[in-house]
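K.L.:
what follows is a predicted protein model with its sequence.
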Amino acid sequence: MKKTILTVFVALVFGGAGDFAVGIFIYPFLFPPPPAMEKVENRSEKMVVATGNFIHANPSDPVHYGKGSVEVLKGKSGGNLLHLKPDFKVGPGPRFHIYLADKGKIMNSADFKAAKKTDLGKLRSFEGSQVYELPKGTDIAPVKSVVIWCKEFNVLISPATLKK
């Protein structure tokens, strides 16, 4: 009897943990947030200093992809911004963050991990226009890439090499 109760208990614990792990992975696919529609305020007061396009870094991986364009904007009176343009889209997943990196042509996780990076925070939506303020004092001169990274699984989602 004790053995049966112990077996059932262990099965429930491991089954529940497995279901929870699968749920974390599948949830963003089933319930993605709506597309973002943020706009750059006072656009005429900003100067585009770099642009780029997100790519599908590993075409053999159908889950981790990205596309669309990005621009880095410098404010005339300070306040630098990163703008994911309306055509931006990535495959959904948990804990996606957006980073600035000092390395160009990031094509894999090792490239990303070797770069000096600035975390701009959690990605607010898997598609659409989004605006992120760069932390005060961030030097944009060495920035060569914008990277979408999954912190949950340490996976490169999509890089964009910037052209100044």
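P.N.:
In hand now; what should we look at? Numbers count the residues shown, from 1 in each chain.
K.L.:
what residues sit buried inside stretch 120-130?
P.N.:
For stretch 120-130, burial by neighbour count (16 or more other Cβ atoms under 10 Å) applies to 120, 123, 125-130. C-beta: built from backbone N, CA, C; applies to glycine.
K.L.:
over to stretch 152-164?
P.N.:
Going by neighbour count (16+ other Cβ under 10 Å), the buried part of stretch 152-164 is 155-162.
K.L.:
any chance of those residues in CSV, plus secondary structure?
P.N.:
Written out in CSV, the entries for the buried residues of stretch 152-164 read as follows (DSSP: H, G, I helix; E, B strand; the rest coil):
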residue, secondary structure
Val155, strand
Leu156, strand
Ile157, strand
Ser158, strand
Pro159, strand
Ala160, strand
Thr161, strand
Leu162, strand
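K.L.:
quick check, nearest of these to Pro142?
P.N.:
The shortest separation between Pro142 and any of the buried residues of stretch 152-164 is 10.8 Å, and it belongs to Leu162 (by Cβ to Cβ).
K.L.:
touching, that closest one and Val143? I think so.
P.N.:
Yes - using Cβ atoms under 8 Å as the test, Leu162 is close enough to Val143 to be in contact (6.5 Å).
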